Each structure stands twice: as C-alpha cells, then as structure tokens.
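In: What follows is a protein structure lacking sequence information:
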C-alpha cells in the first residue's frame, strides 16, 4: 500500500518505507479528474478511471482499518481544482461535496 502521502504522529521514526500500522491519515493526489463520486445524480461514476480511483482509496482505507484498531479512518482525495474529505468507518463512508 503506497498512498501519495501518509501522515504520522510527530514522534514516529520512519525507516524509509511507508508503515500503514502507524499511519494517522492518508492523502491521495489525482492529476486527471477521475473522481469516483458524483455530487448530483448517481452517487458513483461508472467510468473505468473512476472505478480504479474508488478501488484504490477503498484499498487504502481497508488496509488502514485492518492494520490498526480504529473506529474510523480519514482520507483526503486531492484533484487539480477541488478536494474531497472522506471519513470511513465499519458501516460505510461519508464524503464531502466538492
């Protein structure tokens, strides 16, 4: 699991590789607008790139929850012109609008 940015606590000493067992939050950047979510109409986009993005961020969130005992996981998805803040828990995901 290699997100673009993993945020750790200030006193964590990283050994060069990412460590999902110590991650506090994940940030993923997307150059192209391949947003998996739609603010109006159907909740999810069905294009291949949108499905790939959804699969990627789902992998990050589930790996984070599997590696640590957490009630929720925060993830930030950054696009060229907007950002989506997400909160994942055991029952699903809350996504902020653009």
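Out: Looks like it arrived, so ask away. Note that the structure is a prediction, hence the values are computed from the model and not measured. Numbering: from 1, shown residues only.
In: Can you show me the strands along this protein?
Out: Using DSSP state E, the strands of the chain run over residues 5-7, 25-29, 72-78, 83-89, 92-95.
In: export those strands to a markdown table and tack on mean pLDDT?
Out: Formatted as a markdown table, the strands of the chain follow (pLDDT from 0 to 100):
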| stretch | mean pLDDT |
| --- | --- |
| strand 5-7 | 91 |
| strand 25-29 | 94 |
| strand 72-78 | 94 |
| strand 83-89 | 94 |
| strand 92-95 | 90 |
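In: now those strands as a markdown table including distance to residue 38 and mean neighbour count?
Out: No exception for glycine: its C-beta is placed from N, CA and C like everyone else's. What follows is the strands of the chain, written out as a markdown table (distance: least, Cβ to Cβ, whole Å; neighbours: other Cβ atoms under 10 Å):
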| stretch | distance to residue 38 | mean neighbour count |
| --- | --- | --- |
| strand 5-7 | 25 | 15 |
| strand 25-29 | 18 | 17 |
| strand 72-78 | 14 | 18 |
| strand 83-89 | 11 | 16 |
| strand 92-95 | 10 | 13 |
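In: for those, which one sits closest to residue 19?
Out: Smallest distance to residue 19 across the strands of the chain (Cβ to Cβ): 7.7 Å, for strand 5-7.
In: Adjacent strands (with direction) for that closest one?
Out: strand 25-29 (antiparallel) (DSSP bridges).
In: relative orientation of the strand it pairs with and strand 83-89 in degrees?
Out: 140 degrees (axes from the mean of the first three to the mean of the last three Cα atoms, to 10 degrees).
In: quick one: contacts of strand 25-29?
Out: Residues outside strand 25-29 that contact it (Cβ atoms under 8 Å, 6 or more residues apart in numbering): 3-7, 56-57, 60-61, 64, 73-78.
In: of these, closest to residue 86?
Out: Closest to residue 86, out of all of the contacts of strand 25-29 and judged by Cβ to Cβ, is residue 75, at 4.5 Å.
In: Enumerate every residue touching residue 59.
Out: residue 1.
In: Distance of it relative to residue 1?
Out: 7 Å (Cβ to Cβ, to the nearest Å).
In: And for residue 69?
Out: Counting by Cβ to Cβ, the gap from residue 69 to residue 1 is 17 Å.
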